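A.B. asks: return atomic coordinates for the entry below.
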Amino acid sequence: MKQYLIETFRFNDHANKMVLAKIKELPDQKECIRFFSHLINSQIKWLKRIQVFPNDPGLDWWEPVYPLEELENCWNKSLEAWISFLSSLSEEHLFKEKKFTGFDGGHWSAVLKDIALQLNYHSIHHRAQMQTIIRQQGLQPDFIDYIRTKYKKLN
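C.D. replies: Alright, predicted model coming up:
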């Protein structure tokens, strides 16, 4: 599971950076920058939630919105924090519940692997929204399906 989670984070890294390259070409980048910033903030907030429990890290899902020129660096930092965190854990630790302070101020728990999976699935969701915006603004989105990273043409 540990290797699967790390591989999934790395796939999302690759796909998100392809989308980021397209965002830079958009005539109106605002909404995509907002979604991309949200993905960064989500990774930061979830990691902080489980590291500082029972305290609330007081971070926002949607703020800050990062300047375009800072997105890749901020993304890299949030990604590497998760990969480093997961790499430091035993396989068994991934199946333990982690407590966190929820949206309502209450105390909640979830299995760590499910938190990591949520971040990756959430990335896919918002990446699809950004791909739609890219298409609506007249650009052709890149083919970013997972299978693209795995298949090979046979002669």
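
A.B. asks: just the helices in the chain please.
C.D. replies: Along the chain, counting by DSSP state H, helices occupy 2-23, 30-52, 68-87, 112-136.

A.B. asks: among those helices, which comes closest to Phe143?
C.D. replies: Nearest to Phe143, of all the helices of the chain, is helix 2-23, at 8.8 Å by C-beta to C-beta. The way it works is simple: take the backbone N, C-alpha and C, and place the C-beta from them, glycine included.

A.B. asks: picking up where we left off before, kindly reformat the helices of the chain as TSV containing mean pLDDT.
C.D. replies: Listed next are the helices of the chain as TSV, based on pLDDT from 0 to 100:
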stretch	mean pLDDT
helix 2-23	97
helix 30-52	97
helix 68-87	98
helix 112-136	97
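
A.B. asks: please identify the deepest-packed of those.
C.D. replies: Among those, helix 30-52 has the highest mean neighbour count (mean count of other C-beta atoms under 10 Å), at a mean of 19.

A.B. asks: output the contacting helices and strands for that helix.
C.D. replies: Judged by 3 or more C-beta pairs under 8 Å, 6 or more residues apart in numbering; DSSP states H and E, the packing partners of helix 30-52 are helix 2-23, helix 68-87, strand 97-101, helix 112-136.

A.B. asks: what about 10 Å?
C.D. replies: Under the contact criterion of 3 or more C-beta pairs under 10 Å, 6 or more residues apart in numbering; DSSP states H and E, helix 30-52 touches helix 2-23, helix 68-87, strand 97-101, strand 107-111, helix 112-136.
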